[in-house]
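Undergrad: sequence and predicted structure below; questions after.
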Amino acid sequence: MKRIVVLTGAGISAESGLGTFRDKDGLWTRVDLSEVATPEGYQADPDKVLAFYNARRAGCVEATHNAAHEALARLQREWPGQVMLVTQNIDDLHERGGSKDVLHMHGQILRALCAACGYRWRWQGDMSRRDLCPGCSSVGTVRPDIVWFGEMPYRMEEIYTALAECDLFVAIGTSGAVYPAAGFVGEARASGAECLEINLAASDTAGMFHRQILGPATETVPAWVDEVLAG
Ligand code: BJW
């Protein structure tokens, strides 16, 4: 087995203290996603959206990566074939856990995007409507570099190519509720890949996987990586 595609979701960062979206007490049970995670919500009330992500950014900076992030970094270093690590997470805990090439399909909280010219750059600290775009000098157009509902996730061609060519697809800590990521297991399976789900509980797309490992990511992911590297 040579080529592995790993997709991660909020569950891998849950034990780092970053909340999930759809679990009991998840973010979307407390906040109306149409107000904070859509371009329309941002247009209607940019200050509210920027404040929401300023708080999320601060939470992310305070969080620490966990054993599951570290285990995937080890897999990337030690597996003799290819490992593509795709995350839906906007935090940087994979990088802090030691991963080098992380494909952030839903963007990154530590980056900014100019809504006027599309320029993207690294961002730390709070964001406000007084901030200036270094690309086009517009003021009031800076937003978090995050893919909201109705927007196209990043690097989709690259991901679909990898899914068509992989031997093993692994989804970790994601509910399978949000497309296009929820459709990746179908793509990989149709191309003949073995499909494994690692989750606290069976996801919405559980029936599409050949195998499941259930339990907290900090235990299940390191154990699975040990198993894969042992051959
Ligand atoms: C543990 C654990 C532990 C807990 N250990 N596990 C109708 C049908 C089909 C599609 C659509 C439709 N209507 C609209 C759409 C498209 C839409 C969509 O999918 N909507 C659904 C709600 C139906 N998708 C989009 O709009 C996407 N773009 C798109 O499709 O572009 C094409 C297009 C463009 C233009 C026009 C037309 C088409 C964009 C999606 C963007 C998602 N953005 C968010 C917010 C990002 C910023 C932010 O963080 O605020 O991304 S939403 C949110 O959900 C976030 C996540 O990345 C994403 C996925 O969530 P995730 O990671 O799965 O988390 P949870 O909470 O759902 O699950 C956690 C899991 O962890 C659970 O399973 C737990 O069991 C587990 N867990 N603790 C292991 N310790």
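TA: Good, I have the coordinates.

Undergrad: the helix or strand hosting L110 packs against which elements?
TA: Remark: L110 resides in strand 107-114, with elements defined by DSSP states H and E. Counting by 3 or more CB pairs under 8 Å, 6 or more residues apart in numbering; DSSP states H and E, the packing neighbours recorded for strand 107-114 are helix 46-62, strand 120-122, strand 142-146. For the C-beta atoms, the positions are set from N, CA and C on the backbone; glycine is no exception.

Undergrad: list the pairing partners of that strand within its sheet, with orientation.
TA: Pairing partners of strand 107-114, with direction, according to DSSP bridges: strand 120-122 (antiparallel), strand 142-146 (antiparallel).

Undergrad: gap between the worst-scoring helix or strand of the chain on mean pLDDT and the chain center?
TA: Of all the helices and strands that make up the chain, the one with the lowest confidence by mean pLDDT, DSSP states H and E is helix 27-30; it has a mean of 92. Its chain's average C-alpha position is 18 Å from that of helix 27-30, according to CA atoms, centre = their mean, to the nearest Å.

Undergrad: could you give me the buried positions within it?
TA: If you call a residue buried by 16 or more other CB atoms under 10 Å, then helix 27-30 has these buried ones: L27.

Undergrad: tell me which residues of the very next helix or strand once past it come out buried.
TA: Stepping forward along the backbone from helix 27-30, the first helix or strand reached (DSSP H and E) is helix 33-36. Within helix 33-36, the residues that qualify as buried by neighbour count (16+ other CB under 10 Å) are V36.

Undergrad: helix 33-36 near the ligand at all?
TA: No. Helix 33-36 is not in contact with the ligand by CB under 6 Å from any ligand atom; minimum separation 6.6 Å.

Undergrad: pLDDT (mean, whole number) over that helix?
TA: For helix 33-36, mean pLDDT is 95.

Undergrad: also stretch 216-231?
TA: Averaged across stretch 216-231, the pLDDT comes to 97.

Undergrad: which parts of the protein sit against the ligand?
TA: 9-11, 14-15, 20-23, 26, 37, 88, 90, 106, 146-147, 149-153, 173-175, 177-180, 199-201, 203, 216-217.

Undergrad: what residues sit buried inside stretch 169-181?
TA: Applying 16+ other CB under 10 Å to stretch 169-181 flags F169, V170, A171, I172, G173, T174, S175, G176, V178, A181 as buried.

Undergrad: next up, the contacts around the closest residue to the third one other than its chain neighbours.
TA: In space, and not counting its chain neighbours, A171 is closest to L7: 4.7 Å by CB to CB, 6 or more residues apart in numbering. Contacts were defined as CB atoms under 8 Å, 6 or more residues apart in numbering; by that measure L7 touches V86, T87, Q88, F169, V170, A171, I172, T174, A181, F184.

Undergrad: L7 pairs with what?
TA: The residues listed as beta-bridge partners of L7 by DSSP bridges are V86, A171.

Undergrad: and it, how close does it get to L93?
TA: With the distance defined as CB to CB, to the nearest Å, L7 ends up 15 Å from L93.

Undergrad: for the protein, what spans make up the strands?
TA: Remark: strands assigned in the chain by DSSP state E are 4-8, 83-87, 102-104, 107-114, 120-122, 142-146, 168-172, 194-199, 211-214.

Undergrad: phi, psi for the residue nearest in space to the middle of the chain please.
TA: The central residue of the chain, meaning the one whose C-alpha is nearest the mean C-alpha position (CA atoms, centre = their mean), is Q88 at 1.9 Å. The phi and psi values for Q88, taken as degrees, to the nearest 10, are phi -90, psi -10.

Undergrad: separation between it and Q82?
TA: Computed as CB to CB, the Q88 to Q82 distance reads 20 Å.
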